[in-house]
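Q: Need a 3D model of the sequence below.
(one chain, ligands or ions: 2)
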Amino acid sequence: MKVLVVGGGGREHALAWKAAQSPRVHRVFVAPGNAGTAREGKVENVALDAGDIEGLLAFARGEDVGLTIVGPEAPLVAGIADRFEAAGLRIFGPRARAAELEASKAFCKDFLARHGIPTAASRVFDDIGPALDYIESKGAPIVVKADGLTGGKGVVVAHSVGAAREAAAGMLARDLFGKAGRRVVVEEHLEGEEASFIAIVGGGKVLPLAPSQDHKALGEGDTGPNTGGMGAYSPAPIVDTETSERILHEVIEPTVRGLEAEGRAYTGFLYAGLMIDGHGAPRVLEYNCRGGDPETQPVMMRLRSDLVELCEAAIDARLDEAEARWDERAALGVVMAAEGYPGEYPGGEPVQLSLFNETDPASRSDETCLTKVFHAGTRLEGTQVLTAGGRVLCVCALGEDVRSAAALAYRRVESISWPHAYFRRDIGYRAVEREEEAARA
Ligand code: AMP
Ligand code: GLY
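A: Ligands and ions are numbered 1, 2, ... in the order given. Prediction:
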């Protein structure tokens, strides 16, 4: 069968790479893809934008695509799944009404409250006056969030009342995020450690993927501005078996039931961004209607089951019969970005990807490789890879534990260069600290 992956980032490269490993798949198209997907076996880029729903639909029909997997949120929120389903095409991703969980933070907060799902206390504002009064009355730290999609830029964790007022004023009074910021959520600041819990959902059933954690901050020690994510790893030591069960029963399952009950039946990746407190209690920071980027990359490195089978089981409401098998090892991905990201950054720089010896690569097929460079913001000019985005690569490795996965990923990172590359050198540090604590105990 033929598969179409919609999107062109690191997450989509990982999804396309994994889908191409399915023995049932002979071709994977990626729209628009990147230099990494262009050079992947069985994979072909298609010059269509992820937002061009009609173009994608015509392409999928013309090529007799058997399954479309959607990477980014924007086409889902715009109704790509509704459109494909109405045309009788199989697509893995939620319809627009279900994707509202990510499209509107105010909707998400109300939904969580309606269904008794644990999250930070919050209030929603359309006007600056009441928002400022509320911020004054609550004090800092406090969190101000734009309601709509802002590509991850619309959340301000304010450590002073002044910073919170400034954030709310930027959104509600100065139109900093346009329509997305004309409504804001002001939220209690939660303490704890963050984790990402992504599940495959369909037919009211849930198949959890391996838990992961990402590093959203640009700087080492999780400092500086928020980005889309500078690195990620799986498993997440903070999510032990017991916490994982709690997340499933207290968060994911009631969410899926609630969506069904409200006529918003969900199919696709469902991503809960969680804060885990000192007792292992999860609370929802946000929902995304897609896989995480970069979390999807290390999670796909560990997935031993056929991704296409799992997506089809979700679409056919057979997830209770499906099983996700995991590599016991840890996987970790380091994002190599263009210097300046998430602000202004140069593009078009030539990337040197030298040959890399994994110690014994000769015996390894692509499926069992120890390292993998997933591309994000890259394009090909002839045979030369050029930078073409803020996050350029996600360099992943498997290892016996997070520490050894990190060591190998960084060895591979050191073999790659371009003039203005930036990456964090401490991806996975919390997990490594936990591993060291466990080894001492
Ligand atoms: P969100 O897009 O809502 O997940 O927010 C982006 C980031 O802001 C999260 O990954 C957290 O690091 C931080 N954040 C969001 N909400 C809160 C909160 N209520 N308390 C503490 N940190 C938060
Ligand atoms: N890594 C966070 C996200 O995908 O939203």
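
Q: near ligand 2, which residues of the protein?
A: 214, 228-229, 288, 292-293, 295 (Cβ under 6 Å from any ligand atom). For glycine as for every other residue, the C-beta is placed from the backbone atoms N, C-alpha and C.

Q: What is the burial count for G88?
A: Neighbour count for G88, taken as other Cβ atoms under 10 Å: 7.

Q: where does this structure come near ligand 1, residue by residue?
A: 120, 143, 145, 155, 157, 187-190, 194, 216, 226, 273, 285-286.

Q: go with 8 Å
A: 105, 120, 122, 141, 143, 145, 152, 154-155, 157, 187-191, 194, 216, 226, 273, 275, 285-286 (Cβ under 8 Å from any ligand atom).

Q: Which ones among these lie within helices?
A: Using DSSP state H, K105 are the members of the residues of the chain next to ligand 1 that sit in helices.

Q: Would you mind listing which of the residues of the chain next to ligand 1 are buried?
A: 105, 120, 122, 141, 143, 145, 154-155, 157, 187, 189-190, 194, 216, 226, 273, 275, 285-286 (16 or more other Cβ atoms under 10 Å).

Q: For V373, what is the enclosing helix or strand?
A: In this structure, V373 is located in strand 371-375 according to DSSP states H and E.

Q: Among the residues of the chain next to ligand 2, find the one with the greatest number of neighbours, please.
A: E295 leads the residues of the chain next to ligand 2 on contacts (other Cβ under 10 Å) with 31 neighbours.

Q: Backbone dihedrals for it, please?
A: Main-chain torsions, E295, degrees, to the nearest 10: phi -60, psi -40.

Q: hang on, it packs against M230?
A: No - counting by Cβ atoms under 8 Å, E295 does not reach M230; the two are 11.9 Å apart.

Q: Which neighbours do these two have in common?
A: Shared contacts of E295 and M230 (Cβ atoms under 8 Å, 6 or more residues apart in numbering): D214.

Q: before we move on, back to that, what packs against the strand holding V373?
A: With contacts taken as 3 or more Cβ pairs under 8 Å, 6 or more residues apart in numbering; DSSP states H and E, strand 371-375 sits against helix 10-20, helix 35-38, helix 296-302, strand 391-399, helix 402-414.

Q: quick one on the thing from earlier: adding pLDDT and secondary structure, write the residues of the chain next to ligand 2 out as a markdown table.
A: Listed next are these as a markdown table, based on pLDDT from 0 to 100; DSSP: H, G, I helix; E, B strand; the rest coil:
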| residue | pLDDT | secondary structure |
| --- | --- | --- |
| D214 | 97 | strand |
| G228 | 92 | coil |
| G229 | 96 | coil |
| N288 | 98 | strand |
| G292 | 98 | coil |
| D293 | 98 | coil |
| E295 | 98 | coil |
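
Q: thinking again about what came up before, for whatever helix or strand comes next after the strand holding V373, which positions count as buried?
A: Using DSSP H and E, the helix or strand that directly follows strand 371-375 along the chain is strand 378-381. Going by neighbour count (16+ other Cβ under 10 Å), the buried part of strand 378-381 is 378-380.

Q: hmm, back to that, quick one: the helices and strands packed on strand 371-375 as JSON lines, columns for mean neighbour count too.
A: Converted to JSON lines, the helices and strands packed on strand 371-375 look like this (neighbours: other Cβ atoms under 10 Å):
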{"stretch": "helix 10-20", "mean neighbour count": "29"}
{"stretch": "helix 35-38", "mean neighbour count": "25"}
{"stretch": "helix 296-302", "mean neighbour count": "30"}
{"stretch": "strand 391-399", "mean neighbour count": "28"}
{"stretch": "helix 402-414", "mean neighbour count": "21"}
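
Q: Would you reformat these as TSV and include mean pLDDT?
A: Shown next, in TSV, are those (pLDDT from 0 to 100):
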stretch	mean pLDDT
helix 10-20	98
helix 35-38	97
helix 296-302	98
strand 391-399	97
helix 402-414	96
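
Q: could you give the mean pLDDT of stretch 92-112?
A: For stretch 92-112, mean pLDDT rounds to 98.

Q: Give the buried residues for it.
A: 92-109, 111-112.

Q: related to what we said a few turns ago, pick out whichever of the buried residues of strand 378-381 sits closest to ligand 2.
A: Nearest to ligand 2 among the buried residues of strand 378-381 is T378, at 18.6 Å by Cβ to the nearest ligand atom.

Q: in the sheet, who's paired with that closest one?
A: Listed by DSSP bridges, the beta-bridge partners for T378 are T387.

Q: what sits against it?
A: 34-36, 351, 385-389, 392-393.

Q: wait, which of the residues you listed is closest to E323?
A: G36 (28.9 Å; Cβ to Cβ).

Q: Which members of the buried ones among the residues of the chain next to ligand 1 occur in strands, if any?
A: Among these, DSSP state E puts 122, 143, 145, 155, 157, 187, 194, 226, 273, 275, 285-286 in strands.
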